[in-house]
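> kindly generate the corresponding structure for this input.
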Amino acid sequence: MRCPMCGGEFNALEAIMDSEWRDIISLLPTFGGHGKLVFEYVEKFGVNPIRIKSKKILRLLTEMSKLVRTGEFVYNRRKQTASSLVVIEAIKVVNNKHFAEPLENHNYLKKVMISLADEEAKEESKRAERELRLKEDRLKAEGRKGELGTGNLKLETGEMTGPEYLASVGKESLRG
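The predicted model follows:
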């Protein structure tokens, strides 16, 4: 084929691949500092030789760009969501695993993301519960100090014995 502008010879397949590689390069900044990590994941799909498989690489990177940006994916016909942190961690897990055969789809990555998202949700729940307990303890402590000045709830409800009260205020006898 000849270029209509300059008259030079070129291969149509090379022109198409050149266009695809331009699109691939323009996609890499959408991954922030994780472009290399995502590209390593894409290589797990058996895209070698890279020069010839540009169409597959572009398709995979486009799918990954959407996943990293939105965190939304479908697994077993159920829509799932994962934070960008979970997506990046899942990619790292998959990259560190050796596969005998090239990957055919993103299902392994999706399974890892689901398990990491579940762990993240459990941790968030535990953290929220701890914060709630601390807040509750602070409110109880503030309420007790205002009413009794001793900071002891048992005394307020009448559940404390005399010796327990003396021990709580650091005295040995009522005279002290």
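> wait, what's in contact with residue 2?
Contact analysis of residue 2 by Cβ atoms under 8 Å, 6 or more residues apart in numbering lists 8, 9, 10. C-beta: built from backbone N, CA, C; applies to glycine.
> need the nearest residue in space to the first one, chain neighbours excluded.
So the one you mean is residue 8. residue 2 (6.9 Å; Cβ to Cβ, 6 or more residues apart in numbering).
> so which helix or strand takes in the residue positioned nearest the centre of the chain?
In the chain, the C-alpha nearest the mean C-alpha coordinate belongs to residue 86, at 1.9 Å (Cα atoms, centre = their mean). Assessed by DSSP states H and E, residue 86 sits inside helix 84-95.
> what's the answer for residue 116, then?
According to DSSP H and E, residue 116 maps onto helix 107-147.
> before we move on, which element is residue 62 in?
Using DSSP H and E, residue 62 sits in helix 54-70.
> not counting the next helix or strand after that helix itself, show me its contacts.
Later in the chain than helix 54-70, the nearest helix or strand by DSSP H and E is strand 72-75. Counting contacts by Cβ under 8 Å, 6+ apart, the residues outside strand 72-75 that touch it are 66, 67, 79, 80, 81, 82, 106, 107, 110, 111, 113, 114.
> for residue 135, state which of the contacts of residue 2 is nearest.
residue 10 (69.4 Å; Cβ to Cβ).
> the closest one touches residue 17, doesn't it?
No: counting by Cβ atoms under 8 Å, residue 17 is not a contact partner of residue 10; they are 11.4 Å apart.
> what pairs with the residue nearest to residue 66 when sequence neighbours are not counted across the strands?
Nearest residue to residue 66, sequence neighbours excluded (Cβ to Cβ, 6+ apart): residue 72, at 7.9 Å. Under DSSP bridges, the beta-bridge partners of residue 72 are residue 81.
> gap between residue 72 and residue 164?
Relative to residue 164, residue 72 is positioned 57 Å away (Cβ to Cβ, to the nearest Å).
> next one: residue 35
From residue 35 to residue 164 the distance is 65 Å (Cβ to Cβ).
> which SS class is the nearest residue to residue 172 once chain neighbours are set aside?
Leaving aside its sequence neighbours, residue 172 sits nearest to residue 166 (Cβ to Cβ, 6+ apart; 6.6 Å). Assigned by DSSP: H, G, I helix; E, B strand; the rest coil, the conformation of residue 166 is helix.
> next, count neighbours for residue 166.
The burial count assigned to residue 166 is 15, neighbours taken as other Cβ atoms under 10 Å.
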